[in-house]
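Novice: Here is the input, now give the coordinates:
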Amino acid sequence: QTPHIQQQTPSEGVPPARPERKNIAKYANENLFRKGTKAYHVYQNAVHNYEMPSQEITMKDRLGKGHFGYVYSAIAASLPYSTKRNQKVAVKTMKNSATDSDKQEFLYEYQIMKLTNTLKHPNITTLLGSVTKSQPCMIVLEMMNNGNLRSYLRATRSQEEYYNLHGNSSCLTERQLLQFAVDIASGMEGIASLQLLHRDLATRNILLDDNLTCKIADFGFAKDVLNKPEYKSKSVFQRPRPTRWLAPESLIHFKHSILSDVWSYGIVLWEIVTLGNLPYPNMKSAPQVTQRQPFSRSLELTVCFISE
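Specialist: Predicted structure coming up:
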């Protein structure tokens, strides 16, 4: 069931902002990024007007469910900065029951994608448009017909043998698996060039186009950093933490850096060569990690792998 799109006439204008949205105004201006960061300076010259009428979007099939709401395939009659008509797109929506914090994060991801669009990078998903001045809020993205990398890898398994073990891929070659790794590294290099931390790198957040090119997606956890090598979270994540992909310093001290993204990339490489296995399958869904708690042998091996 597709969401109801509120129709507006020119005489109605833009509906007044709801009271709970007054705290998210900062996510729509240049104060989003801290002065002194590269992200701040690049953002000043970024394209900001991606707003489009909701009437231009015709929802089709539901593709999946995200943290903020559902993701749909859709047809865009027209798009900002594009001469193509009736283009197939993907639309991320924000659920009506979203909290004020959810709305902040949704618009924050939208602003981050304005920034990454400046790169025009072939391995980062492209923002095409947005609807933020009427309900429901939507982010319009390029359509990635092959879905996320994790699901694609799992679908190519030739057989299921035992729990987290399986046979080889039925259609992917080693060269193709290596190309996935190269594509992801290239996209993350672009993100790092903006002094941005992704903080949620995993195969579920990598999308595949028709040519099986990997593109980085889901920037809800992304963060700009100052001229310091690391960033320390001031608060706990509003949504569940990607525990299995986080570096030890992120788990224990809430410290994040380019190197902690490199750690996550190491986990992604493991996901690729195992065709989408769940990292640390014996780990509980919500482990209690403390500074005095020793890491498992498997975690130590991952450290050695990344160091090499």
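Novice: so where's the stretch 101-250 of the chain uncertain?
Specialist: 159-167, 225-240 (pLDDT under 70).
Novice: how about the helices of the stretch 1-150 of the chain, start to end?
Specialist: 38-44, 100-117, 149-155 (DSSP state H, counting those that start in this stretch).
Novice: What is the last one packed up against?
Specialist: Using 3 or more Cβ pairs under 8 Å, 6 or more residues apart in numbering; DSSP states H and E as the contact criterion, the elements in contact with helix 149-155 are strand 206-208, helix 258-273. In short, each C-beta sits where N, CA and C put it, glycine included.
Novice: Comparing the ones you listed, which stretch has the densest surroundings?
Specialist: strand 206-208 (a mean of 24; mean count of other Cβ atoms under 10 Å).
Novice: For the next helix or strand along the chain from it, name the packing helices and strands.
Specialist: Going down the chain from strand 206-208, the next helix or strand is strand 214-216, by DSSP states H and E. Contacts defined by 3+ Cβ pairs under 8 Å, 6+ apart place strand 214-216 against helix 174-193, strand 206-208.
Novice: so how far is strand 214-216 from its chain's centroid?
Specialist: 10 Å (Cα atoms, centre = their mean, to the nearest Å).
Novice: which helices and strands does the next helix or strand after it pack with?
Specialist: If you walk from strand 214-216 toward the C-terminus, the next helix or strand you reach (DSSP H and E) is strand 223-224. On a contact count with 3+ Cβ pairs under 8 Å, 6+ apart, strand 223-224 meets helix 38-44, strand 196-197.
Novice: I'd like to know which of the ones you listed has the weakest mean confidence.
Specialist: Ranked by mean pLDDT, these bottom out at helix 38-44, which scores a mean of 84.
Novice: May I have that helix exported as CSV, CA atoms only?
Specialist: Taking C-alpha atoms only, helix 38-44 is exported to CSV below (Å, rounded to 0.1, in the frame of the first residue of the first chain):
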residue,chain,number,x,y,z
LYS,A,38,36.0,20.5,4.5
ALA,A,39,32.4,19.4,4.4
TYR,A,40,31.3,22.9,5.5
HIS,A,41,33.3,24.6,2.7
VAL,A,42,32.1,22.2,0.0
TYR,A,43,28.5,22.5,1.2
GLN,A,44,28.6,26.3,0.6
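Novice: hang on, M283 packs against R244?
Specialist: Yes: using Cβ atoms under 8 Å, M283 is in contact with R244, at 6.6 Å.
Novice: Common neighbours of the two, please.
Specialist: Common contacts of M283 and R244 (Cβ atoms under 8 Å, 6 or more residues apart in numbering): none found.
Novice: quick one: L278 and V268, what's the gap?
Specialist: 13 Å (Cβ to Cβ, to the nearest Å).
Novice: what's near enough to touch the most centrally placed residue in the chain?
Specialist: Of all residues in the chain, the one closest to the mean position by Cα atoms, centre = their mean is D218, 0.8 Å from it. D218 makes contact with 66, 109, 200, 205, according to Cβ under 8 Å, 6+ apart.
Novice: what's the closest non-adjacent residue to the first one?
Specialist: Taking Cβ to Cβ, 6 or more residues apart in numbering as the measure, G66 lies nearest to K92, with 6.2 Å between them; neighbours along the chain are not counted.
Novice: Would you mind measuring from W245 to Q176?
Specialist: W245 is 23 Å from Q176, by Cβ to Cβ.
Novice: out of these two, which sits in the busier spot?
Specialist: More neighbours surround W245 than the other of W245 and Q176, with 25 against 13 (other Cβ atoms under 10 Å).
Novice: The more buried one is in contact with R204, isn't it?
Specialist: No: using Cβ under 8 Å as the test, W245 is too far from R204 to be in contact (9.6 Å).
Novice: What residues are bridge-paired with K88?
Specialist: I75 (DSSP bridges).
Novice: how deep is L115 tucked in, by neighbour count?
Specialist: L115 has 23 nearby residues by other Cβ under 10 Å.
Novice: Right, I'll call it a day here.
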